[in-house]
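> Got a sequence here, can you model it:
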Amino acid sequence: MLKIRLSRGGTKKRPVYKVVVADSRRARDGKFIEKVGFFNPLLPKDKKERVGLEAERIKYWLGQGAQPTTRVARILGENELIPMPANGSNPNKAIPKKERKKEGDETAAPAAAPAAAPKTEAPKTEAPKTEAPKTEAPKTEAPKTEAPKTEAPKTEAASKEETK
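Residues are numbered from 1 along each chain as shown. Predicted structure coming up:
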């Protein structure tokens, strides 16, 4: 399988990347089919010298079935060669590790509730077409399930204070 990916060059702590078309089984910095651009992450984003791409060759390789890696897809999207890929969802990345550990149990419960909510919403949209009463029942159940979850940490905190 062909990939459009970055091949690292430069020195230690000073990376410069080539945008290359390579077989996915080859090493990252190994043999490649064609160099189609470069990427210098050390330069500011507004400089033209940060990214250089051969648009015609990239479009050719995309037509031949080459798949860009995640980072290359973003670079190509910024240069309007392909549609901009959707951002990944990692809400924990913005939270410092110390706070993630402390709030891990607390954030896990609310995180589970929104994950469960969309699953129940999908049947809600199908249910109004057949029967209206079924849509009302899940709506009343959803707040009931959320309420104990918000109260549970309070009772745990109260029980901890009582033991001290």
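> What is the neighbour count of Arg100?
13 (other C-beta atoms under 10 Å). Backbone N, C-alpha and C define where each C-beta goes, glycine included.
> And what about it, helix, strand or coil?
In three-state terms, and counting by DSSP: H, G, I helix; E, B strand; the rest coil, Arg100 is helix.
> Grab the nearest non-local neighbour of it.
Excluding its sequence neighbours, the residue lying closest to Arg100 (C-beta to C-beta, 6 or more residues apart in numbering) is Asn92, at 5.8 Å.
> Model confidence score at the one you found, please.
Note for Asn92: predicted pLDDT of 84.
> Quick check: it vs Lys101, distance?
Remark: distance between Asn92 and Lys101 (C-beta to C-beta, to the nearest Å) = 11 Å.
> what ranges do the strands span in this protein?
2-11, 14-23, 34-39, 51-53, 67-68 (DSSP state E).
> Can you report how many residues lie near the closest residue to Lys59 other than its chain neighbours?
Nearest residue to Lys59 in three dimensions, chain neighbours excluded: Leu81, at 6.8 Å (C-beta to C-beta, 6+ apart). Around Leu81 there are 16 other residues, counting by other C-beta under 10 Å.
> what mean pLDDT would you report for stretch 80-87?
Averaging pLDDT along stretch 80-87 yields 92.
> cool, stretch 97-106 as well?
73.
> Okay, helices next: where are they in this structure?
Listed in chain order, the helices of the chain (DSSP state H) span 55-63, 70-78, 97-130, 133-163.
> possible to save the strands of the chain as a markdown table with mean neighbour count and distance to Lys97?
As requested, the strands of the chain are exported to a markdown table (neighbours: other C-beta atoms under 10 Å; distance: least, C-beta to C-beta, whole Å):
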| stretch | mean neighbour count | distance to Lys97 |
| --- | --- | --- |
| strand 2-11 | 16 | 27 |
| strand 14-23 | 18 | 25 |
| strand 34-39 | 19 | 29 |
| strand 51-53 | 16 | 32 |
| strand 67-68 | 18 | 31 |
